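Provided below for reference: sequence and predicted model.
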Amino acid sequence: MSSPPRARLDPDPDEAPVPDQAPVEPAPRPAWMKRLAPAILVAGALLAGSVLFKGLPEEREIELRLDDASTVVQLDVTWTDRSSADGAIDVAPVHGSSWRFAQGTAPRAVLTKVRLPDGVYQLEIAVGRTRGRDVTSRAVTLGDASRITFPVR
């Protein structure tokens, strides 16, 4: 048995031969893009850092201005984190301070420092006076301020 004749693939005389091509390199980036890339990287790092460090505690100076300071004999301050309460009624305080004064010796302003992260807190101020005790409670949002003044009546 004879095999069928094989067809020869001869190059077509109308087609030009294709030379070996070198790999094509991408076009160079503009100079302004090369200078902008580090700035974008730094901006991204700063943004990520601000998100990560937002929950870190910051020291804040708190001033309690006492009305009729001559009658104050006791001052109690309690900070409760409302943002982590999730609707719970019984939440443990995160910070507290107490002062005792002899009658007539309380200063007009009490300065203290708290180290708390930004957030919403319930601030309770209990004032013991020679004629009784007053308790004031208020919601406080801690943010950018490093010094906060509260009037105490």
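Everything's here; your move.

ok, Pro151 touching Asp67?
Yes. If you go by C-beta atoms under 8 Å, Pro151 and Asp67 touch, sitting 6.9 Å apart. Yep, even glycine has a C-beta here, placed from its N, CA and C like the rest.

Can you name the next helix or strand after the helix or strand encompassing Val42?
Using DSSP states H and E, Val42 sits in helix 31-53. Downstream of helix 31-53, the first helix or strand assigned by DSSP H and E is strand 58-66.

Tell me the buried residues in that following strand?
Within strand 58-66, the residues that count as buried by 16 or more other C-beta atoms under 10 Å are 60, 62, 64, 66.

Quickly run through the sheet partners of that strand, with directions.
strand 109-116 (antiparallel), strand 147-152 (parallel) (DSSP bridges).

Format those strands as TSV; extra columns: mean neighbour count and mean pLDDT.
Shown next, in TSV, are these (neighbours: other C-beta atoms under 10 Å; pLDDT from 0 to 100):
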stretch	mean neighbour count	mean pLDDT
strand 109-116	14	95
strand 147-152	14	94
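
Can you add distance to Arg138 and give those back as a markdown table?
Output for the strands paired with strand 58-66, formatted as a markdown table (distance: least, C-beta to C-beta, whole Å):
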| stretch | distance to Arg138 |
| --- | --- |
| strand 109-116 | 15 |
| strand 147-152 | 8 |
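
do you know which of these lies nearest Gln21?
strand 109-116 (66.7 Å; C-beta to C-beta).

so where's this protein uncertain?
In the predicted model, the chain carries pLDDT under 70 at residues 1-20, 84-90.

centroid residue for it?
Lys54 (1.7 Å; C-alpha atoms, centre = their mean).

which residues does the residue nearest to that one when sequence neighbours are not counted contact?
Nearest in space to Lys54, with sequence neighbours left out and distances taken as C-beta to C-beta, 6 or more residues apart in numbering, is Asp118 at 6.4 Å. Asp118 makes contact with 54-55, 58, 142-143, according to C-beta atoms under 8 Å, 6 or more residues apart in numbering.
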